[in-house]
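A.B. asks: Structure of the sequence below:
(one chain, ligands or ions: 1)
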Amino acid sequence: MEFSLLVDAFEQMEMTSSRLRLTDHLVSLLRMTPTDIIEKVVYLIQGKLRPDFEGIEIGMAEKMILRSLAQSSGMGMTALLEIYRDTGDLGNLAKEAMHHKDQTSLMPQRMSVERVYSVLYEIAGTTGPRSQEYKIRLVSSIINESSPRESRYIIKFIMGSLRLGIADNTVMDALSLAFTGTKTNRVLLENAYNVSSDLGTVARILATEGLDAVEKISIILFKPVRPMLAERAPTIEDVFHQVKGSAAAEFKLDGERIQVHKANGRVELFSRRLEKITSHFPDISTIIAGSKLSDTIFEGEVVAIDLDTLNFLPFQVLMHRRRKHGVDEAIKNYPVYLNVFDILYYDGETKTHLPYSDRRKIIERLVSVINDHRILLVPQTVVQDAKSLSNYMSKAIEAGCEGIMVKQLESEYRAGARGYAWIKLKREYGSDLTDTLDLVIVGALYGRGRRVGRYGALLLAAYDPKTDTFKTASKVGTGFTDKHLADFYNSLGRHLLRHKHPRVDAAIQMDVWFEPKIVIEIVASEITLSPVHTAGMNAIREKYGLALRFPKFTGKIRDDKNAEDATKVEELVTLYSQQKRTIQR
Ligand code: AMP
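C.D. replies: Just a heads-up that it's a prediction; the model follows:
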């Protein structure tokens, strides 16, 4: 397949800010893609070379790209930098620079998607002492073979700035439409994606073997399973609206969720966002690798502990484990425990279909097989009424937990699903709203006064799964230290957009917009009706949405959460109604 066809599609997608049209473009692209490269095309459109969990990164800095472009275009660095200043984007610079050269050279040959993919893959796989020079040469040679238009996208891809706004859900909708003629089969694709976390493979199997084969995709060791998620309940009484009879109540520990895969001596740990994080916890993986467990996948919460008091320490302490150097030192200074709370695969067999009460028995066995004081069972009790739940909540808070999780004893493990099989109940944070909210940054206003050169206020949105969009609920400007402001300016720069993202539903004007990626934790005094925010629009009152009153950043960036894991619009609506109930009481 000619790469220029992919570039045509990219150009069209880049221009649309409507999700429906984006899906249409994607459907046409998938229909004309030969089945043997569909996997690669699915990765490329999402700016990837392989599924996230493989952790493949191209690893090229701006300076290296500039040197590659100097080699390909024959232009001097000063001239390049001048154009760069005007275009403000390395992809646009590549296009300009190659345009410049094009007038004096022969038309390049037509280049294939396969060729571009294989060069990008080679760049990503190049390591070692002289790798930088080699990478620069590879980029320069692929740019030499491309047209200016193609160069733009190749460079954007390499820099991770190909922001087409194509989320997993959009890809699944488009695959379903392109290969089965209807969106209704998307649920089957989603099931397969939930257990494999690999949309490229799902696309290949769908295109080559059909829907039946997609339905047979099941859990495979060392491919992370998308985690099961909890719904929130505002109060203890609300829990018992969902739970009939008894349920398991567990400590909700404030650490990092990990999914452990083990077969023979090999162990890999995956984060909640499905990244491979084995290197953050070598102590944990060594214990598990040395145990007698065979072919197993389980989940737990890693928590830092204070060795003097044996108290749990807050989640932020785990940040010290995210490093490449000084790992031994970090293990010693920041010891952790792994509290196991679920099992997906044991002794070579899938266990997700078993009721939770049976899975818990297997977890007990698993912990005793590992037999190490750092691998524990998450504390649990079975409760039947609000009173015993309330007592357990007090116990959890005393132990330093953020609240409790209530789990239905008969429930299966539903990969990638959020539902009332798991209910989270968080403790009060001293503000009038009983809970913190996790919202996505979708836009910003430039700062004034002391904040010149930074963002002064951030526009935040909640997630609406029904429309797969992000709806605004707040503009927040308090709770930020100078360091936060500087860090946000840098990290948000990677997600900057010229226009509103197609999946963002906002009715206010902002100075800049972002891809919905970064989730932050917010406290507020209450939720009010708002004519300008779109979250919960018309849910309570015609032409009114919901907004946060006195919102404040807590200092916690939820980088363990994807944008789709943010607080949902529906939750805001429930919290609003709940709050009214409290006020009336
Ligand atoms: P939240 O991130 O607020 O949606 O809460 C869900 C998260 O709580 C899970 O993804 C886990 O990381 C964490 N967690 C802590 N304790 C437990 C537990 N006992 N069972 C399940 N998840 C837990």
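A.B. asks: Residues of the chain that sit close to the ligand?
C.D. replies: 230, 250-253, 257, 272, 301, 341, 378, 405, 424 (CB under 6 Å from any ligand atom). In short, each C-beta sits where N, CA and C put it, glycine included.
A.B. asks: 8 Å instead, please
C.D. replies: Residues of the chain found near the ligand (CB under 8 Å from any ligand atom) are 227, 229-230, 232, 250-257, 272, 299, 301, 339, 341-342, 378, 380, 401-402, 404-405, 407, 422, 424, 426, 438, 558, 560-561, 565.
A.B. asks: and L199, how many neighbours?
C.D. replies: 23 (other CB atoms under 10 Å).
A.B. asks: okay, it: pLDDT?
C.D. replies: pLDDT, L199: 97.
A.B. asks: what's the nearest residue to the residue in the chain that the ligand sits nearest to if we skip its chain neighbours?
C.D. replies: Nearest residue of the chain to the ligand: R257, at 3.1 Å (CB to the nearest ligand atom). The spatial neighbour of R257 that comes closest, neighbours along the chain excluded (CB to CB, 6 or more residues apart in numbering), is R272 at 4.4 Å.
A.B. asks: Over to K95?
C.D. replies: Nearest non-adjacent residue to K95, counting by CB to CB, 6+ apart: R152, 3.9 Å away.
A.B. asks: What helix or strand is that neighbour located in?
C.D. replies: In this assignment (DSSP states H and E), R152 forms part of helix 148-159.
A.B. asks: same thing with D438?
C.D. replies: Secondary structure assignment for D438, by DSSP H and E: strand 437-446.
A.B. asks: now that strand: how far from the chain's centre is it?
C.D. replies: 16 Å (CA atoms, centre = their mean, to the nearest Å).
A.B. asks: for the stretch 251-400 of the chain, which spans come out with low pLDDT?
C.D. replies: Scanning the stretch 251-400 of the chain for pLDDT under 70 picks out the ranges 308-311.
A.B. asks: who are the neighbours in contact with E57?
C.D. replies: A124 (CB atoms under 8 Å, 6 or more residues apart in numbering).
A.B. asks: ok so it is a helix residue?
C.D. replies: No: secondary structure of E57 (DSSP: H, G, I helix; E, B strand; the rest coil): coil, not part of a helix.
A.B. asks: What backbone torsions are found at it?
C.D. replies: Phi and psi for E57, reported as degrees, to the nearest 10, are phi -130, psi 140.
A.B. asks: Now, the residues of the chain next to the ligand that are in strands?
C.D. replies: Mapping the residues of the chain next to the ligand onto strands (DSSP state E) picks out 229-230, 232, 250-252, 256-257, 299, 301, 339, 341-342, 380, 404-405, 407, 422, 424, 426, 438.
A.B. asks: Would you mind measuring from the nearest residue to G255 once chain neighbours are set aside to F341?
C.D. replies: Using CB to CB, 6+ apart and skipping the chain neighbours, the partner closest in space to G255 is V303 (3.6 Å). Between V303 and F341 the computed distance is 12 Å (CB to CB, to the nearest Å).
A.B. asks: need the contact list for the nearest residue to R451 once chain neighbours are set aside.
C.D. replies: The shortest distance from R451 to any non-neighbouring residue, by CB to CB, 6+ apart, is to L485 (6.4 Å). By CB under 8 Å, 6+ apart, the contact set of L485 is 447, 451, 454-455.
A.B. asks: sorry, back to before: OK, contacts around the residue nearest to G255?
C.D. replies: By CB under 8 Å, 6+ apart, the contact set of V303 is 253-255, 312-313, 318, 336-337, 339.
A.B. asks: repeat that for 7 Å
C.D. replies: By CB atoms under 7 Å, 6 or more residues apart in numbering, V303 lies in contact with 253, 255, 312, 336-337, 339.
A.B. asks: hmm, back to that, which strands or helices does the helix holding R152 pack on?
C.D. replies: Applying 3 or more CB pairs under 7 Å, 6 or more residues apart in numbering; DSSP states H and E, we find helix 148-159 packed against helix 3-15, helix 62-73, helix 90-102, helix 131-145.
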